[in-house]
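A.B. asks: Got a predicted structure plus its sequence, pasted below:
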Amino acid sequence: MSEPREPSQDATLLFCPFCGEAFEGRRECPEHELALLPIDDLPRRAEGALDEVRVFADPRLGRGPLMLGAVLVLIGFVAPFARSRGIEASALEAAVDGAVNLWLTPGAAIVLLWIPWKRRTRSAMHAARAAVLGLAVSGVLPLVYTTRRIGVMAEASHANVEWRWGLWLMAAGLVVCAMSSAGFGGRHRADVQAAPESDGLKM
């Protein structure tokens, strides 16, 4: 009686990095003409991609720039805003003293923070991109109106106005929020799923 044959190396189960189909006794996928790999060497599949965050402060999925921009706006609101004739005031003080439209800027920033607080999934964040952009733009408009109005009043009274860093910090924060709207929620699921397949084709 002949002895049982040792399993050859060709009988090892290997997988196609593109379609994931298993083959025995082959070195190349017959359909995609790609070198087959052991299961441990397969590229990471899209199912492992992040689709939801649990913590509000999690900066992933494009949340970090949006939250950073909104915080910068709130800091700028209480920072020095304008200086004239030796008197310096913050945007908060200007809003209390009568420039009530300035309240819209921190209001927009608070809503911009509320959006990532309520929306934790990739799809929900994608749906809020237009709202993020709209809020960022609406936060800029009161700054433009107020600075123009103060400038006209100062010119009428022959006074000089020096715009302080709080104004520029708010403007920068709103620009960051507007730019982050396109990436809020990260890439679409279909794009994430296509990335591992592209990596497999390059191997």
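C.D. replies: Yep, that arrived.

A.B. asks: shaky segments in this structure?
C.D. replies: 1-11, 42-49, 188-203 (pLDDT under 70).

A.B. asks: Walk me through the domains of this structure.
C.D. replies: 1-42, 63-190 (automatic domain parsing).

A.B. asks: Need the residues that contact stretch 57-72.
C.D. replies: Stretch 57-72 has contacts (Cβ atoms under 8 Å, 6 or more residues apart in numbering) with 50, 53, 109-110, 112-113, 115-116, 122, 125, 132, 136, 169-170, 172-177, 179-181, 183-186. Backbone N, C-alpha and C define where each C-beta goes, glycine included.

A.B. asks: quick one: residue 74 and residue 107 touch, right?
C.D. replies: No - using Cβ atoms under 8 Å, residue 74 is not in contact with residue 107; the gap is 10.4 Å.

A.B. asks: Which of these two has more residues huddled nearby?
C.D. replies: Counted by other Cβ atoms under 10 Å, residue 74 and residue 107 do not tie: residue 74 has more neighbours, with 18 against 14.

A.B. asks: measure that one to residue 106 for me?
C.D. replies: 6 Å (Cβ to Cβ, to the nearest Å).

A.B. asks: What of residue 130?
C.D. replies: Separation of residue 130 from residue 106 (Cβ to Cβ) stands at 21 Å.

A.B. asks: Of the two, which one has the most company?
C.D. replies: The neighbour comparison of residue 130 against residue 106 (other Cβ under 10 Å) goes to residue 106, with 21 against 11.
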